[in-house]
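>>> Predicted structure and sequence below. I'll ask about it afterward.
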Amino acid sequence: MDITNPLLQIMVILLAARLLAEIATRLKAPSVIGELLAGVILGPSILGWMEPNETIKLLAEIGIILLLFEVGLETDIRTLARAGGKSTVVALFGFILPFLLGFGVTRGLLGLDMLPSLFVGGALTATSIGITVRVLADLRRQDSKEGRIVLGAAVVDDVLGVILLALLYEFSIGGGISFANTGRVVLFVLLFFVLAAPAAKLISAVIKRYESISETPGLLPTTLVALVLFFAWLAHAVGAPELLGGFAGGLALSRRFFLPFGTALHADPAFSERVEHQMKPIIHLFTPMFFVMVGLSLNLRDVDWGSGFIWYFAITLLFVATVGKLVGALLIKEPWSTRFIIGTAMIPRGEVGLIFAELGRTSCILDNQAYAGMIIVIALTTLLPPFVLKALYQRFPPPPTDL
């Protein structure tokens, strides 16, 4: 079957992603696994009905920008501030160790070049807030002590991950590692966050005012999508990934965001709730395009499954990805069962790990073998921890006073 019409392609992608995400959810797996599988089935790996083209790539790019907008929208700066030292320890060790171990293994043991090794290490630093929050919410533990530690650590991981992604993006387009470019990118990223978030807050105040007097429906989502795309372009203009603009815009519009110096810009929870309510359908429409495109980009037929490299690569990095996140949790002062629960909750890479892997592929830094190995590791670290978490809570139920 040859699907060449873009409208037909989009229809098939949306329906397949929705169907398989629903099946994955009913099987107690993250929905992102179903969307990724939809791309694998539709793409050259199995059916060969379609490959990534310019239309799909554009929609996928919008999807990932909006996904990072949602991550920023759900980032709780006050939770991060309240989480304290334990979250910081879990986050820093869970960020630094997987990066160093992933880089060391791929560079020293597997013989990859410098940039591919950096991308692999970067992908292993990720923690998917969306998947972690969903699992903890299902278990009614998101407001527990360990839940707050995990969420605080995941926020720190996200912020550090975005900065690392900006650096790797600069290395990929610059053709190599430069300390001058590194300093420039870090400076631009910090300036972007310092200036973009207050600017987005000011613009949102204007949007809020005109929404109250507008007689045309749809003003809020239309202007917000335009704002997010503008900030994505602005991020690209200063040498950072476009998705950084989406993250900054979402962070500024979060109902939990505050400006230390801006007493005139108090948070309006009602407006922020309307933002979330009206933007969610748009985000959920576009984001599956990104995950399906990741699956479409993966040609499993070209992977040499008989080669020892792919299995050695995947198994070694799966071990690194697991141990790297557990160590930080094991260092804090909590009961051992709680430490293992916290460490396990930090393992899912999900959409954040896929962003790193996809950037490495599109920059031609990760070849098909390494890219396939990364997808396997990200899929397993996304799929298995929710089941392990549920088993740990059954084996070590929280005391009645903590329920």
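Happy to help now that I have it. Residues are numbered from 1 along each chain as shown.
>>> In which helix or strand does the residue positioned nearest the centre of the chain reside?
Nearest to the mean C-alpha position of the chain, by C-alpha atoms, centre = their mean, lies residue 352 at 2.4 Å. Using DSSP states H and E, residue 352 sits within helix 350-362.
>>> Determine the set of other helices and strands touching that helix.
helix 31-42, helix 114-124, helix 129-138, helix 145-174, helix 269-297, helix 368-395 (3 or more C-beta pairs under 8 Å, 6 or more residues apart in numbering; DSSP states H and E). To be clear about C-beta, it is placed using only N, CA and C from the backbone, and glycine gets the same treatment.
>>> what's the closest of those helices to residue 245?
helix 145-174 (10.7 Å; C-beta to C-beta).
>>> What confidence value was assigned to residue 266?
Here, the pLDDT recorded for residue 266 equals 48.
>>> Same list (the helices and strands packed on helix 350-362) but as JSON lines, adding distance to residue 223, mean neighbour count and mean pLDDT.
Below are these laid out as JSON lines (distance: least, C-beta to C-beta, whole Å; neighbours: other C-beta atoms under 10 Å; pLDDT from 0 to 100):
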{"stretch": "helix 31-42", "distance to residue 223": "28", "mean neighbour count": "24", "mean pLDDT": "86"}
{"stretch": "helix 114-124", "distance to residue 223": "34", "mean neighbour count": "25", "mean pLDDT": "87"}
{"stretch": "helix 129-138", "distance to residue 223": "25", "mean neighbour count": "20", "mean pLDDT": "68"}
{"stretch": "helix 145-174", "distance to residue 223": "24", "mean neighbour count": "22", "mean pLDDT": "76"}
{"stretch": "helix 269-297", "distance to residue 223": "11", "mean neighbour count": "20", "mean pLDDT": "82"}
{"stretch": "helix 368-395", "distance to residue 223": "34", "mean neighbour count": "20", "mean pLDDT": "84"}
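>>> Relative to residue 305, tell me which of the ones you listed wins on proximity.
Nearest to residue 305, of the helices and strands packed on helix 350-362 and by C-beta to C-beta, is helix 368-395 at 9.3 Å.
>>> I'd like to know which of the helices and strands packed on helix 350-362 is closest to residue 72.
Nearest to residue 72, of all those, is helix 145-174, at 8.6 Å by C-beta to C-beta.
>>> How far away from the center of its chain is the following helix or strand past that closest one?
Per DSSP H and E, helix 145-174 leads on to helix 179-213 as the next helix or strand towards the C-terminus. Centroid separation between helix 179-213 and its chain, computed with C-alpha atoms, centre = their mean, to the nearest Å, is 20 Å.
>>> Distance of residue 114 relative to residue 250?
When distance is defined by C-beta to C-beta, to the nearest Å, residue 114 is 32 Å away from residue 250.
>>> likewise residue 23?
Separation of residue 23 from residue 250 (C-beta to C-beta): 29 Å.
>>> Which one of those two is surrounded by more residues?
Comparing residue 23 with residue 250 by other C-beta atoms under 10 Å, the one with more neighbours is residue 250, at 30 against 15.
>>> Could you pull up the residues touching that one?
68, 69, 70, 71, 72, 73, 74, 75, 228 (C-beta atoms under 8 Å, 6 or more residues apart in numbering).
>>> Buried among these? Make that a ChimeraX selection.
Burial among these is assessed by 16 or more other C-beta atoms under 10 Å; the matching ChimeraX selection reads:
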select :68,69,70,71,72,73,74,75,228
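>>> among the contacts of residue 250, which are in helices?
Among the contacts of residue 250, DSSP state H puts 68, 69, 70, 71, 72, 73, 228 in helices.
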